[in-house]
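Asker: okay, structure incoming, though there's no sequence with it:
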Ligand code: DLZ
């Protein structure tokens, strides 16, 4: 469905696993700070709402979105995190900088995920203008920070399930 037709942050609370014993990293880009702060707010509120403890959320700030991947790598090396969430906002301008940055972050986070086996979440707004960014950071199209938090919790739970860390009721 085209993103213009729905609020992307709508989700069913009951389908989200508890994050009460999970450790998260948030890497926050300072470029377009007003927007990324709103993404951060949506993200942290959602993690806490689903049981994450404030002391189990580690935050690192980076100058721009291009630095998100390296920031994520550094943060995940410092703590044994269940998932790392990267938040940034790249707005199209007169040059093609946005394409290089967006592609680099997408490729970088994919590689980190594959090589470490841990979830690295792409919470990057890649918009044509500031208005679109506002609409996706707490506006009429929801908040990508919220979506990123839900994705992180679900992927962390999947990883724990796969590694047998999650206790499942088997038999009687
Ligand atoms: C240089 C740059 C430009 C032009 N635009 C953005 C942007 O819209 N969003 C963003 O997060 N970062 C931007 N940057 C900065 C780069 O991400 C990076 O920080 C610098 O190129 C230094 O590596």
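Answerer: Everything's here; your move. Since the structure is predicted, the reported quantities are computational estimates derived from the model, not experimental observations.
Asker: from here on, contacts and neighbour counts on C-alpha atoms
Answerer: OK.
Asker: which parts of the chain are helices?
Answerer: Ranges of helices in the chain, per DSSP state H, are 33-49, 68-78, 97-116, 130-135, 144-162.
Asker: can you list contacts of the second one?
Answerer: The list of residues contacting helix 68-78 from outside it, by C-alpha atoms under 8 Å, 6 or more residues apart in numbering, reads 25-29, 58, 60-62, 84-88, 105, 108-109, 112, 120.
Asker: which of the residues you listed are close to the ligand?
Answerer: 29, 88 (C-alpha under 6 Å from any ligand atom).
Asker: just the buried residues out of the contacts of helix 68-78, in PyMOL syntax.
Answerer: Here is the PyMOL command that picks out the buried ones among the contacts of helix 68-78, judged by 16 or more other C-alpha atoms under 10 Å:
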select buried, resi 25+26+27+28+29+58+61+62+84+85+86+87+88+105+108+109+112+120
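Asker: okay, how far is it across stretch 75-82, tip to tip?
Answerer: Chord length of stretch 75-82, first to last residue, is 12 Å (C-alpha to C-alpha, to the nearest Å).
Asker: scratch that, stretch 138-148
Answerer: From the first residue to the last, stretch 138-148 extends over 13 Å; the measure is C-alpha to C-alpha.
Asker: next, the buried residues of it.
Answerer: 138, 141, 142, 143, 144, 145, 146, 147, 148.
Asker: output the residues you listed in CSV; the columns should cover distance to the ligand and pLDDT.
Answerer: Output for the buried residues of stretch 138-148, formatted as CSV (distance: C-alpha to the nearest ligand atom, whole Å; pLDDT from 0 to 100):
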residue, distance to the ligand, pLDDT
138, 18, 97
141, 20, 96
142, 20, 96
143, 17, 97
144, 15, 97
145, 15, 98
146, 18, 97
147, 19, 97
148, 17, 98
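Asker: redo the helices of the chain as a markdown table? Include distance to residue 18.
Answerer: Shown next, in a markdown table, are the helices of the chain (distance: least, C-alpha to C-alpha, whole Å):
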| stretch | distance to residue 18 |
| --- | --- |
| helix 33-49 | 9 |
| helix 68-78 | 21 |
| helix 97-116 | 22 |
| helix 130-135 | 28 |
| helix 144-162 | 8 |
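Asker: deepest-packed of those helices, please.
Answerer: helix 144-162 (a mean of 22; mean count of other C-alpha atoms under 10 Å).
Asker: contact partners of that one?
Answerer: By C-alpha under 8 Å, 6+ apart, helix 144-162 touches 8-9, 16-19, 22, 38-47, 82-85, 87, 118-125, 136-137, 166.
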